[in-house]
Structures are given as structure tokens and as C-alpha cells.
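*Asks:* Okay, sequence plus prediction incoming.
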Amino acid sequence: MEKKNIDWANLGFGYVETDKRFVANYKDGAWDKGALISDSTVAISECAGVLQYAQTCFEGLKAYTTEDGHIVTFRPDLNAARMKASCERLEMPVFPEERFIQAVSDTVAANEAYVPPYGSGATLYVRPFMFGSSAVIGVSPADEYQFRVFTTPVGPYFKGGVKPLTIRVSDFDRAAPHGTGHIKAGLNYAMSLYAIVDAHQKGFDENMYLDPATRTKVEETGGANFLFVTRDNKVVTPKSDSILPSITRRSLVTVAKEYLGLEVEEREVAFEEVKDFAECGLCGTAAVISPVGKIVDHGNEICLPSGMTEMGPVTKKLYETLTGIQMGRIEAPEGWIHVIK
Ligand SMILES: *Cc1c(COP(=O)(O)O)cnc(C)c1O
């Protein structure tokens, strides 16, 4: 298989059209068998449920080449399960989990020429998503849906080295209590755009959202979960019903306990405690962990002891162990690495 002529190391995080995508349609109460197609455009009614009432959800995972040359994805079963939960909450039909995993594998295999080589730092980002495709004018779930999977190659996240982030405590909320913060719905992102554009304009990389009911507890950022390290090397990660359950964060918790022998606490985290932590990181598929160097609460600065030039020591160990597992340099727990070819 000849790879595309792409400068992998200098790729950014933007959409690059690849050759094939998977499409399945839901109609008359059933999913059709789906197909890999070449057309990257979607034609739907102007009154489609997704366009009028934002009935859509998505997933995100990566395919990459391991040290021994296999093309793999990382824990796609958890993406399938999470998409099932998103669909149920949005009154959308579930795309069966085994079929989800197969569709991801088939789409990656069909775009093998875009899977970056081992060691390049680049990956093939995989985006499964679903939307209400039939016309809806009175507010109700659509009758018809489309499930699609496309891929796009993305560059190394820490290009030019790791740079700890500066984040601010947001005055906007990301998720309502008992709302949709725990599912991967497009609507959660639409309403976060104002807050992130505002943060960037003011020189911050991300927003730290607090719990909307009391504004005293740490929730997450717009697209990543928090992981803290205490001064005595305990890993602490916030627990809340309105946080999106990050697969990366859940994997890092296992790595911390099983591989590094660290104590892990998943519990509510008061914002008051943050000033006492030694390290802070943001966890998600894109970066695995992005270190946070500074947290600004309305002019009041919390500078993490790990500083503004490198990852803290525990964060670094977590990062290196999980990326080592993903790349096949460290033995993975059973079922974590899904081999496509
Ligand atoms: C996708 C997402 C994450 C990260 O989840 P991963 O499964 O680790 O990629 C975290 N927070 C939000 C709000 C997200 O949408």
C-alpha cells in the first residue's frame, strides 16, 4: 500500500478529505446495510431534524500505526457504547455497537493510504456521527437518520514541544444539571463557541467550567476532562453527572493504578482545592494529556508548581505510559488495542 504524499510531521488539526467514508441510513424503523462511498457531501431536506433542532451526536477516535506495523484503533468499543448513550438521550436510533466498530475498521482500512507511519506523531482521526435527516417542523424526533464515519489525517499534537496551557475559570456554563453534558452532542459545542472565542480573545487557551448549580466544583473544559496530581502523588479526577466520560481519562486512571501503582481518587473536586495541587492536565483523544501551567480565576492566578515549560513528572509518566501502550511499545490491557490490519 503506497502512502499518500503528505508531510505528516507538519500536518495541523484541520479537515483533509480522504477517499472513502461509511454511510448507513435509518428508515422505516431499520438501518440499511450501509456502504463505503466516495462522495464527501451530504444532501438532506432543508427541514432536516439536524438543521432545525440540532438532533446530532458524534464520536472521535484515532487510527495509527504501531511499532510493529499494525494499523489499530484504541478501545473503539467504548466509543460505540458512548455513542449508544448519546443516541438514547437524543431520541435517535442506536447504530448497533458491533456494527459501529466494523464501520470504523472498514473506513480506516479503505483509507489506509492516509494512516500516518509509526513515529511520525501524526494519526488518522476518525469521526463517527449521526443526524436526523428527515423533515421535522413540529418539535419531535426525526423519522429518518444517517450514520456516517469519515477520517482525516491530523498532525502531532505537541508540534515544537510541549507547552503548558493557561486556562481561565469561565463565567459561562457548559452543561446544565440533569442536562446533556454527559453525552457527545453537537449542541454542547455550539453553545461553547462564544465562551471559547471570548477566552482566546483574552489570551487564554481554554475555559475551566465549574458545576453550574453551585459554581464551586471543577467540571471540565469544552472538550477535555481534568486530571490533577496532589503534592503527595495521588491522582485526582472530578466526578460529576454532567461531565463527558472521556475514554482517555478512564484509561489514564487504569494506567495510574495498574501500571504506575498510584492512588487514584475519582470524586468531587472543589475549586478551592485547586491551588494545592502539584500538577494539572487535560485529557482527551487529541492530546492524550495536555499539561496546564496556570489557572486564572478572575484575575487571581494559580500557578501550578510544574511550571510553564514542561509536563509535571507524574503527568509525563502517565502520558508516556499510555502513548507507549497505544503505540505497542508497552503491553496493553486485554482488549484495549483493536487491530484493523
Ligand atoms: C470528547 C470529549 C472529551 C474527551 O473524550 P475522549 O474520549 O478522551 O476523547 C472530553 N470532554 C468533552 C466535553 C468531550 O466532548
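*Replies:* Ah, there it is.
*Asks:* Met308 contacts Lys294, doesn't it?
*Replies:* Yes: with contacts counted by C-beta atoms under 8 Å, Met308 reaches Lys294, the gap being 6.7 Å. Backbone N, C-alpha and C define where each C-beta goes, glycine included.
*Asks:* Of the two, which one has the most company?
*Replies:* Taking neighbours as other C-beta atoms under 10 Å, Met308 and Lys294 compare with Lys294 leading, 18 against 14.
*Asks:* The residue nearest to the more buried one when sequence neighbours are not counted - how many residues pack around it?
*Replies:* Leaving out its chain neighbours, the residue that sits closest to Lys294 by C-beta to C-beta, 6 or more residues apart in numbering is Thr166, at 4.4 Å. Neighbourhood size, Thr166 [other C-beta under 10 Å]: 18.
*Asks:* Check the offset of the helix or strand that Thr166 is a member of from the chain's centre.
*Replies:* In this assignment (DSSP states H and E), Thr166 forms part of strand 165-169. Between the mean C-alpha location of strand 165-169 and the chain-wide mean there is a distance of 19 Å, by C-alpha atoms, centre = their mean, to the nearest Å.
*Asks:* Show me what it is in contact with.
*Replies:* Residues outside strand 165-169 that contact it (C-beta atoms under 8 Å, 6 or more residues apart in numbering) are 199, 202-208, 210, 221, 271, 282, 290-298, 308.
*Asks:* So which of those residues belong to strands?
*Replies:* Counted as lying in strands by DSSP state E, out of the contacts of strand 165-169, are Glu206, Asn207, Met208, Leu282, Ser290, Pro291, Val292, Gly293, Lys294, Ile295, Val296, Asp297.
*Asks:* Could you tell me how far the last one is located from Thr248?
*Replies:* Put plainly, it is Asp297. 25 Å (C-beta to C-beta, to the nearest Å).
*Asks:* Give me the buried entries from the ones in strands among the contacts of strand 165-169.
*Replies:* Among those, those scoring as buried are Glu206, Asn207, Met208, Leu282, Ser290, Pro291, Val292, Gly293, Lys294, Ile295, Val296 (criterion: 16 or more other C-beta atoms under 10 Å).
*Asks:* now, which of these sits nearest Thr315?
*Replies:* Thr315 lies nearest to Pro291 out of these, by C-beta to C-beta, at 5.4 Å.
*Asks:* didn't the closest one look like it was pressed against Gly312?
*Replies:* Yes: the pair Pro291 and Gly312 qualifies as a contact (C-beta under 8 Å) at a distance of 6.4 Å.
*Asks:* Give me the common contacts of these two.
*Replies:* Glu279, Gly281, Ser306.
*Asks:* and the first one, what does it touch?
*Replies:* By C-beta under 8 Å, 6+ apart, the contact list for Glu279 reads Phe228, Val229, Pro291, Leu304, Pro305, Ser306, Met311, Gly312, Pro313, Val314, Thr315.
*Asks:* quick one, what contacts the fourth one?
*Replies:* What it means is Leu304. Leu304 sits in contact with Pro164, Phe277, Ala278, Glu279, Cys280, Val292, Gly293, Lys294, Ile295, Gly312, where contact means C-beta under 8 Å, 6+ apart.
*Asks:* So for the residue in the stretch 1-150 of the chain that the ligand sits nearest to, what's the pLDDT?
*Replies:* Residue nearest to the ligand within the stretch 1-150 of the chain: Gly60 (5.6 Å; C-beta to the nearest ligand atom). Per-residue pLDDT puts Gly60 at 98.
*Asks:* And for Gly299?
*Replies:* 92.
*Asks:* burial of it, as a residue count?
*Replies:* Gly299 has 6 neighbours, counted by other C-beta under 10 Å.
*Asks:* and the stretch 101-250 of the chain, which of its residues are near the ligand?
*Replies:* Neighbours of the ligand within the stretch 101-250 of the chain, by C-beta under 6 Å from any ligand atom: Lys184, Glu220, Gly223, Ala224, Asn225, Leu244, Ser246, Ile247, Thr248, Arg249.
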